[in-house]
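Novice: Quick one, structure for this:
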Amino acid sequence: MINIYQINWIRSYKSKKVAEDYFAVDVKTGNITYVPVTREAVFDYDVKLLTESNEYERALAFIQQARELGHGKADNILRNLEANPNQRDKATLLQMPKRR
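Specialist: Next up, the predicted model:
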């Protein structure tokens, strides 16, 4: 297994760019797995999984992780999915849900 770290475009609290998110490459099979670590990377990845793929359960796990890391928009997505589980429009998912 080889890990390839990505320099994040968001600076850390120390005003330095940090390599935290990484790709894990399995040397034997050639499979590449993206492993987001930072709050923004986890959030961006879950939105991409939810809107561009059929990996709904995996996307929900990443949304929960982004929520635990304190990303505010993750709450909006979860509430919008609670109201309409079939919603896949990114703009609609990111909006503040209507009160009932």
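
Novice: Can you classify Pro85 by secondary structure?
Specialist: Three-state call for Pro85 (DSSP: H, G, I helix; E, B strand; the rest coil): coil.

Novice: which residue ranges form the helices in this protein?
Specialist: Secondary structure of the chain (DSSP state H): helices at 39-52, 56-68, 72-83, 90-94.

Novice: and those as a markdown table, adding distance to Thr29?
Specialist: Quick note: C-beta positions are derived from backbone N, CA and C, even for glycine. Output for the helices of the chain, formatted as a markdown table (distance: least, CB to CB, whole Å):
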| stretch | distance to Thr29 |
| --- | --- |
| helix 39-52 | 21 |
| helix 56-68 | 19 |
| helix 72-83 | 32 |
| helix 90-94 | 32 |
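
Novice: CSV for those helices, including mean pLDDT and distance to Ala19?
Specialist: Below are the helices of the chain laid out as CSV (pLDDT from 0 to 100; distance: least, CB to CB, whole Å):
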stretch, mean pLDDT, distance to Ala19
helix 39-52, 90, 11
helix 56-68, 92, 19
helix 72-83, 90, 24
helix 90-94, 87, 27
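
Novice: can you list those helices in CSV and add distance to Met1 and mean neighbour count?
Specialist: Listed next are the helices of the chain as CSV, based on distance: least, CB to CB, whole Å; neighbours: other CB atoms under 10 Å:
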stretch, distance to Met1, mean neighbour count
helix 39-52, 20, 19
helix 56-68, 20, 17
helix 72-83, 29, 16
helix 90-94, 32, 14
